[in-house]
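Participant: Need the 3D shape of this:
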Amino acid sequence: MRKSPGAPGRPALPMEEAVGAAIRELRQREGLTLAQVSEQAGISRGMLSKIENGQTSAGMDTLGRIARALGVSMSMLFSKYDVASSAAQHIKRGAGMEVVRRGTKSGHTYHLLAYDQGPVKLFEPFLITMTDDTEQYPTFQHPGTELLYMLEGVIEYRCGQSTYVLEPGDALTFQGEVPHGPHRLLQCPIRFLSFTVYPRGAAE
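Facilitator: Okay, here's the model as predicted:
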């Protein structure tokens, strides 16, 4: 069994349970009811209850709305996860939190591989999997610089007016403000790492 860093003999909480416990503690500390927070966050009371009890994963957008409803930064929601007492974050294979992002409905699966612990998000590392050769590909634009690193499959990726064929071992770096996104899936399944580094204050 994996142990929490700095807490010998104490089993680590699964990520969903740790996030849910932190949300429940923050809500109760402020004397707020499930109904009050769910209404302010724009989600159902039942969904909030499931999140608090670690029965379901929540997308980053949902967690952001819950954090705003509680008046805290998103990093506070991960305060009970087992990274706070260590200088490093260790995410085991397959343990990255699956989150909802633009492109999810187009057959993309996003696993967040690390969490910034400060009040301002400085970077986002994702493992992205694409298995559905759909014709509806999203276009992305965001602050910061993004690096893609191919692990499996072959994809034609569009960045501005240019397209690039990416194979395992290839890397592509570009400014996030330039419109970008998948153009064609040439060989599925496709897996690649996406690292985005944000300028300070540019991302919530």
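Participant: if I pick Asp170, what's in contact with it?
Facilitator: Neighbour list for Asp170: Tyr149, Met150, Tyr164 [criterion: Cβ atoms under 8 Å, 6 or more residues apart in numbering]. Bear in mind the C-beta positions are built from the backbone N, C-alpha and C, glycine included.
Participant: for the protein, what spans make up the helices?
Facilitator: Counting by DSSP state H, the chain has helices at residues 15-29, 34-41, 45-52, 60-70.
Participant: In stretch 37-49, which residues are buried?
Facilitator: Across stretch 37-49, burial judged by 16 or more other Cβ atoms under 10 Å covers Val37, Ser38, Ala41, Ile43, Met47, Leu48.
Participant: ok, and the closest non-adjacent residue to Glu16?
Facilitator: Gly54 (4.4 Å; Cβ to Cβ, 6 or more residues apart in numbering).
Participant: about what we covered before: would you mind giving the helices of the chain as JSON lines with mean pLDDT and distance to Pro143 added?
Facilitator: Listed next are the helices of the chain as JSON lines, based on pLDDT from 0 to 100; distance: least, Cβ to Cβ, whole Å:
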{"stretch": "helix 15-29", "mean pLDDT": "88", "distance to Pro143": "25"}
{"stretch": "helix 34-41", "mean pLDDT": "90", "distance to Pro143": "24"}
{"stretch": "helix 45-52", "mean pLDDT": "93", "distance to Pro143": "28"}
{"stretch": "helix 60-70", "mean pLDDT": "86", "distance to Pro143": "16"}
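Participant: so which of the ones you listed comes closest to His183?
Facilitator: Nearest of the helices of the chain to His183, taken as Cβ to Cβ: helix 60-70 at 25.3 Å.
Participant: List buried residues within the contacts of Asp170.
Facilitator: Met150.
Participant: and the contacts of Asp170 as JSON lines, adding pLDDT and distance to Leu122?
Facilitator: Shown next, in JSON lines, are the contacts of Asp170 (pLDDT from 0 to 100; distance: Cβ to Cβ, whole Å):
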{"residue": "Tyr149", "pLDDT": "98", "distance to Leu122": "19"}
{"residue": "Met150", "pLDDT": "98", "distance to Leu122": "24"}
{"residue": "Tyr164", "pLDDT": "98", "distance to Leu122": "26"}
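Participant: which one of the contacts of Asp170 sits closest to Ile190?
Facilitator: Relative to Ile190, and with distances defined as Cβ to Cβ, the nearest of these is Met150, at 8.0 Å.
Participant: show me what contacts the closest one?
Facilitator: Leu166, Glu167, Pro168, Gly169, Asp170, Ala171, Ile190, Arg191, Phe192.
Participant: try it again with 10 Å
Facilitator: 157, 165-172, 190-193 (Cβ atoms under 10 Å, 6 or more residues apart in numbering).
Participant: Kindly state the beta-bridge partners for it.
Facilitator: Per DSSP bridges, the residues bridged to Met150 are Phe192.
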